[in-house]
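[1] heads up, no residue letters with this:
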């Protein structure tokens, strides 16, 4: 019940004690209850109802929607006022009572911005009065909320007609010596309903002190209140309806369950929506934390080709960035300090962000609060929300006179749902499904609002721990013949392909490419265009391209040397495979979740370009890799928590993905 009912059945007990006023026979005299042989209705443990209250002589009425769950220890009430305005009573106010966490949340419309809400968080204690009775501990049971039950001396008054149906009338008389309130409560129940039922009407008729703080005075006032109940539902409601709506920030709210951690390695697609600009753009990102590599692919309106994405590869092993523009040029530079996937502790050197930090999930300045679960594209997702003051959209970056307050909300797929885009599914697979950012910019000099906006990022086709080495292909930056070598060597054993490569293509290719880089002491980005062919000259054959040492010095913390020059690295590989004492090159890879090894066949290393016609192959050519990855660097710019916007750094002003700070 709402407090507009409770106020007359227990709210006002904190008044001055008086013995001068007694129960009025014209109202009622409390007596023991008498059921007269009839069964007393039992109130439900859960319910949702609509209540309309009329107050004689008050010139206003109240409508509410109320939810109650004694088992889950939760309740809520949404209140609308009609008629005479009452200071402090805002129509549309919602109050959510969380007895489990001993808090309640008072949510009301923002009168200066009707599209938003204000939320006030307060503690539930034994001295707090709520719409359901006293706060603290467990939510009061339904009998105490309605003051209806054996202990309240109910008397059966007979049957009558109400709105075309027969109802049972029960009544009780209340006289409180402390407050001197004296009233009769009439309860109307549908006849024949005894279990988990609620009244369809309640009438309260009585007298009270004219002045609440002067109960001994002889002056009295009368009150006559009628409450009509409809839409009665005693089934269990979803838990999320007992909490503030997703998108409403309640400062001080108990955080609830922690926000998930993301996978170490992943790639995914993103759709970026900016309603104000009426734009939708797409991107793709690859994150390989284990190998200290990231790659972003995206389109820009000022690039020559609209059929091939711009690619940016960051090699944190060396601290080098490769920006590859199709049919244009390749720029090789140190990784910028302001890159979305980078963080700097000395303003000079960078280190790769963890995936959690990249999504701003566990940064020290971000405090996530669990908001509950909801539906998104007919799936079940869980929401976490936070507010931030250290982030600015692209158009306000660098403007010290602009303060931006933003609200971030991440949505993660419910654990009962499975993403089948992976070749296998893991129970701990976690990547966000959606990110919403709403922001308001104010001028600190004038105090006026300068701008506001919203960005929505929908994530698709997430692959966790499934990052092809070829996603980080930088061979387009090596255009001269003396900058690369096309090499091949065979693998020992005629059944190697069948045993280890077939149905294990990604892990085999990734492991062999990594083994080559480790054996030659070169950066992984120098092993590219990798492919395994079966049945070529009766053996499984590995084809790859070895790239020369980049001429740029990186700026990553603990950066390693890119390795020896091309011919030196080739000479070392010859010693490993073509030695007269036999091959010593061992290649490691994962097969059926176990580490396996295979040796390069002795004296089989040669300069050879992979054949145009193959029977079976594994690997990704540069073109295929580019085709699979359609645009994403902008994703990194959008969801990392700290640092300058990468899109801005690259001067790609057309790409609307710029929420990096």
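    Looks like it came in fine. Keep in mind the model is a prediction, meaning the values are calculated, not measured.

[2] partners of the longest strand seen in the chain in the sheet?
    With secondary structure taken from DSSP state E, the chain has its longest strand at strand 449-464. Counting by DSSP bridges, the strands paired with strand 449-464 are strand 265-274 (antiparallel), strand 432-443 (antiparallel).

[3] show me where the stretch 101-250 of the chain has helices.
    Assigned by DSSP state H, counting those that start in this stretch, the stretch 101-250 of the chain shows helices spanning 142-146.

[4] how about low-confidence regions in it?
    By pLDDT under 70, the weakly predicted segments of the stretch 101-250 of the chain are 113-115, 212-216.

[5] circling back: in JSON lines: the strands paired with strand 449-464, plus mean neighbour count and distance to residue 386.
    For the C-beta atoms, the positions are set from N, CA and C on the backbone; glycine is no exception. Formatted as JSON lines, these follow (neighbours: other CB atoms under 10 Å; distance: least, CB to CB, whole Å):
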{"stretch": "strand 265-274", "mean neighbour count": "20", "distance to residue 386": "20"}
{"stretch": "strand 432-443", "mean neighbour count": "19", "distance to residue 386": "11"}
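
[6] out of the ones you listed, which gets nearest to residue 153?
    Closest approach to residue 153 among the strands paired with strand 449-464 (CB to CB): strand 432-443, 53.8 Å.

[7] check what contacts that closest one and list those residues.
    Contacts of strand 432-443 with the rest of the structure, by CB atoms under 8 Å, 6 or more residues apart in numbering, involve 247, 262, 359, 376, 379, 381, 391-393, 396, 401-413, 448-459, 638-639, 659.

[8] re earlier: what residues sit buried inside the longest strand of the chain?
    With burial defined by 16 or more other CB atoms under 10 Å, the residues of strand 449-464 counted as buried are 450, 452, 453, 455, 456, 457, 458, 459, 462, 463, 464.

[9] which among these gets closest to residue 111?
    Distances from residue 111 to the buried residues of strand 449-464, taken by CB to CB, are shortest for residue 452, at 17.3 Å.

[10] list the helices and strands whatever helix or strand residue 544 lives in packs on?
    Per DSSP states H and E, residue 544 falls inside strand 539-547. Secondary-structure packing of strand 539-547 (3 or more CB pairs under 8 Å, 6 or more residues apart in numbering; DSSP states H and E): strand 484-490, helix 505-520, strand 527-536, helix 566-577.

[11] okay, angle between that strand and strand 484-490 too, please.
    In terms of direction (axes from the mean of the first three to the mean of the last three CA atoms, to 10 degrees), strand 539-547 departs from strand 484-490 by 160 degrees.

[12] how far away from the center of its chain is strand 539-547?
    43 Å (CA atoms, centre = their mean, to the nearest Å).

[13] average pLDDT across that strand?
    The pLDDT scores in strand 539-547 average 92.

[14] what are the pairing partners of it, and which direction each?
    Strand pairing for strand 539-547, using DSSP bridges, gives strand 484-490 (antiparallel), strand 527-536 (antiparallel).

[15] what does the helix or strand following the first one rub up against?
    On the C-terminal side of strand 484-490, the nearest following helix or strand under DSSP H and E is helix 496. Outside of helix 496, the residues within contact range by CB under 8 Å, 6+ apart are 539, 540, 598.

[16] now list the buried members of those residues.
    539, 540, 598.

[17] correct me if wrong: the first one contacts residue 491.
    Same thing as residue 539. Yes. Under the criterion of CB atoms under 8 Å, residue 539 makes contact with residue 491 at 6.5 Å.

[18] intersection of neighbour lists for these two?
    Common neighbours of residue 539 and residue 491 (CB under 8 Å, 6+ apart) are residue 601.

[19] low-confidence ranges in the stretch 551-661 of the chain?
    The stretch 551-661 of the chain contains residues with pLDDT under 70 at 612-661.

[20] where do the helices sit along it?
    Under DSSP H, counting those that start in this stretch, the stretch 551-661 of the chain gives helices at 566-577, 622-628, 633-639, 646-649.

[21] equivalent analysis for the stretch 351-500 of the chain, please.
    Under the criterion DSSP H, counting those that start in this stretch, helices of the stretch 351-500 of the chain are mapped to 355-358, 496.

[22] relative to residue 192, which of these is closest?
    Across the helices of the stretch 351-500 of the chain, closest to residue 192 is helix 355-358 (CB to CB), at 58.9 Å.

[23] need the contact list for residue 546.
    Neighbour list for residue 546: 484, 485, 487, 520, 522, 526, 527, 566, 569, 570, 573 [criterion: CB under 8 Å, 6+ apart].

[24] how about a cut-off of 7 Å?
    Residue 546 sits next to 484, 485, 487, 526, 527, 566, 569, 570 when contact means CB atoms under 7 Å, 6 or more residues apart in numbering.

[25] may I have the beta-bridge partners of it?
    residue 485, residue 527.

[26] look up how far residue 531 lies from it.
    According to CB to CB, to the nearest Å, residue 546 stands 14 Å off from residue 531.

[27] count the neighbours of residue 479 for me.
    Look at residue 479: counted by other CB atoms under 10 Å, it has 10 neighbours.

[28] again but with residue 367, I slipped
    Using other CB under 10 Å, residue 367 has 11 neighbouring residues.

[29] settle this for me: it is touching residue 386, isn't it.
    Yes. Residue 367 is in contact with residue 386 according to CB atoms under 7 Å; the separation is 5.6 Å.

[30] residue 51 contacts residue 227, correct?
    Yes. Look at residue 51 against residue 227 with CB under 7 Å: they come within range, at 5.7 Å.
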